[in-house]
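> After the sequence you'll find the predicted model.
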Amino acid sequence: MDDILDKIKALPPDEEQMSINHCEFMRFLRNYPINFSYWFPKVVLRRNDIVRMPKSIIVDVPEDIYRAFFHEREEDHNKIVVWVLDNILPTLHNVFPGKDVFIKNGCFSNKFEFNKSCHILMTDSSRIISEKIENLQYLSLIHDTYG
C-alpha cells in the first residue's frame, strides 16, 4: 500500500518541463495510479459477472494536439477540430455506434458541467465535440489533475 501512496505523491514535473518532453509525460500518466489509463485496465482484467463495466476505450492524445489545448496560437482550435474529425469521430462511430458517450481525461471528468464537457451526443458535430474536449481539458488544467 505504501508503494501506491508513494506513486500518488510523486507528481509530474512542472508544466514547462512537461511540455518539453511529451513522451515522458505520457509515460508518467500511464503509470500514475489515479489516472484512468493506469487503473482501468487492471480493473477490467479482474472483473467478474457481478460487476458490470461500461465499454471504455483509451485514446492517446498526440503532442501537437496536447499543446493545442493551451490555445497559444490562433489556429489551435481548428487543429483540435480536425483531429476530432479525423480520429475521434470515426472511433466513436466504430466503437459506440449510435450511442451518446461520457468522456473524461485521465483524472478529470467535469461531470458538474455535464453537457458542456463530458457528455457527447451522437448528433454532435466535430466542432461541438472539440469544444467539449477543450472545456474538459481547460478545467482539468485549472484544477491540476494531470489529465
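Okay, I see it. Keep in mind that what you see is a predicted model, and the values were worked out from it rather than measured.
> Got the confidence number for the closest residue to Ala68 other than its chain neighbours?
With sequence-adjacent residues excluded and distances taken as C-beta to C-beta, 6 or more residues apart in numbering, Ala68 is closest to Asp76, at 4.0 Å. Heads up, the C-betas are built off the backbone N, CA and C, glycines and all. Reading off the confidence values, Asp76 has pLDDT 92.
> count of residues packed around Phe102?
Burial measure for Phe102: 12 neighbouring residues, criterion other C-beta atoms under 10 Å.
> counting contacts, what elements does the helix ranked longest in the chain pack onto?
In the chain, assigned by DSSP state H, the helix with the most residues is helix 126-142. Applying 3 or more C-beta pairs under 8 Å, 6 or more residues apart in numbering; DSSP states H and E, one finds that helix 126-142 contacts helix 76-83, helix 114-117, strand 119-120.
> returning to what we had before: ok, the residue nearest to Ala68 to Asp144 distance?
Separation of Asp76 from Asp144 (C-beta to C-beta, to the nearest Å) stands at 21 Å.
> Neighbour count for these two, which is higher?
Asp76 (17 against 11).
> which residues does that one contact?
Contacts for Asp76 were tallied using C-beta atoms under 8 Å, 6 or more residues apart in numbering; they are 67-70.
> Can you flag which of the residues you listed belong to helices?
When DSSP H defines the helices, the subset of these inside them is 67-68.
> Under the pLDDT cut-off, which ranges of this protein? List them.
Where the chain drops to pLDDT under 70, the residues are 1-20, 22, 44-52, 146-147.
> what residue is smack in the middle of it?
In the chain, the residue lying closest to the centroid (C-alpha atoms, centre = their mean) is Asn105, at 2.3 Å.
> Using PDB, write out the CA atom coordinates for the longest helix of the chain.
The C-alpha coordinates for helix 126-142 follow below in PDB (Å, rounded to 0.1, in the frame of the first residue of the first chain):
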ATOM      1  CA  SER A 126     -16.800  17.700 -34.700                       C
ATOM      2  CA  ARG A 127     -16.800  21.400 -33.700                       C
ATOM      3  CA  ILE A 128     -19.100  20.800 -30.700                       C
ATOM      4  CA  ILE A 129     -17.200  17.700 -29.600                       C
ATOM      5  CA  SER A 130     -13.900  19.700 -29.900                       C
ATOM      6  CA  GLU A 131     -15.400  22.500 -27.700                       C
ATOM      7  CA  LYS A 132     -16.400  19.900 -25.100                       C
ATOM      8  CA  ILE A 133     -13.000  18.300 -25.100                       C
ATOM      9  CA  GLU A 134     -11.300  21.700 -24.900                       C
ATOM     10  CA  ASN A 135     -13.600  22.700 -22.000                       C
ATOM     11  CA  LEU A 136     -12.700  19.500 -20.200                       C
ATOM     12  CA  GLN A 137      -9.000  19.900 -20.700                       C
ATOM     13  CA  TYR A 138      -9.100  23.600 -19.700                       C
ATOM     14  CA  LEU A 139     -10.800  22.800 -16.400                       C
ATOM     15  CA  SER A 140      -8.500  19.900 -15.800                       C
ATOM     16  CA  LEU A 141      -5.500  22.300 -16.200                       C
ATOM     17  CA  ILE A 142      -7.100  24.800 -13.800                       C
END
